[in-house]
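In: Just a sequence and a predicted model for now, questions to come.
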Amino acid sequence: MVSIKDIAQEAGVSPSTVSRALHNHPQISTETGERVQRLAQEMGYTPSLLARSLVTQDTATIGLVITYTADPFLSRLVQGVEETARNNGYSVFLSSSYRNYERELEAERAVARAVREVRGERPRARKARPAAPRLTKKERAKKKAAAARAKRRARILAKFR
């Protein structure tokens, strides 16, 4: 894959000059701009969307989480979202939760993580939970017996309701 640095080396200019030339910046002469753009085309340069999103802090991406892909309504909805997004220069990431709340949360977190990375934010630190106190064998037995008594009481009360 050809980078801006490769084009700069071939053209004998700096990478920032190549970047400006590729974006038709007014500070770059017409001659230099045309030469750089011709070289970029000859070398098969394609801009890195990831690099661009890091600079602009905009991924131009829409994350879409749906419940079920086979639903005809959602299928048409996704088609409309994708078409509109594509016409406006956006791409769509699609995830299906299959009516599973945990999967929806997982997809939401993944999208949020990607957005934070593009913005250059540091990952959120997870709060450390204190370790649960270890119970002795006697304490575990008492806890188990109390749970069994509560279950029996609930069954007995349910008969009288």
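Out: It's in.
In: Could you use CA atoms for every contact and neighbour count after this?
Out: Will do.
In: Output the contacting helices and strands for the lengthiest helix in the chain.
Out: In the chain, ranked by residue count with DSSP state H as the criterion, the top helix is helix 137-159. When contacts are defined as 3 or more C-alpha pairs under 8 Å, 6 or more residues apart in numbering; DSSP states H and E, helix 137-159 sits against none of the other helices and strands.
In: what's the distance between that helix and the middle of its chain?
Out: Relative to the mean C-alpha coordinate of its chain, helix 137-159 is positioned 46 Å out (C-alpha atoms, centre = their mean, to the nearest Å).
In: which residue ranges form the helices in this structure?
Out: With DSSP H as the criterion, the chain has helices spanning 4-11, 15-22, 30-43, 49-56, 72-87, 101-119, 137-159.
In: what's the least confident stretch among those?
Out: Looking at those, the lowest mean pLDDT belongs to helix 49-56 (a mean of 66).
In: ok, back up a step: hey, which of the helices of the chain is tucked in deepest?
Out: Ranked by mean neighbour count under mean count of other C-alpha atoms under 10 Å, those are led by helix 15-22, which reaches a mean of 19.
In: what's in contact with it?
Out: Contacts to helix 15-22, defined as C-alpha atoms under 8 Å, 6 or more residues apart in numbering, come from residues Ile4, Lys5, Ile7, Ala8, Gln27, Ile28, Thr32, Gly33, Glu34, Val36, Gln37.
In: Include distance to Val111 when you put the residues you listed into TSV, please.
Out: Output for the contacts of helix 15-22, formatted as TSV (distance: C-alpha to C-alpha, whole Å):
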residue	distance to Val111
Ile4	29
Lys5	31
Ile7	33
Ala8	35
Gln27	37
Ile28	38
Thr32	40
Gly33	37
Glu34	39
Val36	36
Gln37	35
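In: out of those residues, who's nearest Val92?
Out: When the contacts of helix 15-22 are compared for distance to Val92 (C-alpha to C-alpha), Ile4 comes out closest, at 26.9 Å.
In: What is the burial count for Leu64?
Out: The number of residues packed around Leu64, counting by other C-alpha atoms under 10 Å, is 16.
In: what's the nearest residue to it if we skip its chain neighbours?
Out: Of all residues not flanking Leu64 in the chain, Leu94 sits nearest, at 4.9 Å (C-alpha to C-alpha, 6 or more residues apart in numbering).
In: Val111 now?
Out: Val111's closest residue in space is Gly63 (C-alpha to C-alpha, 6+ apart), at 6.5 Å.
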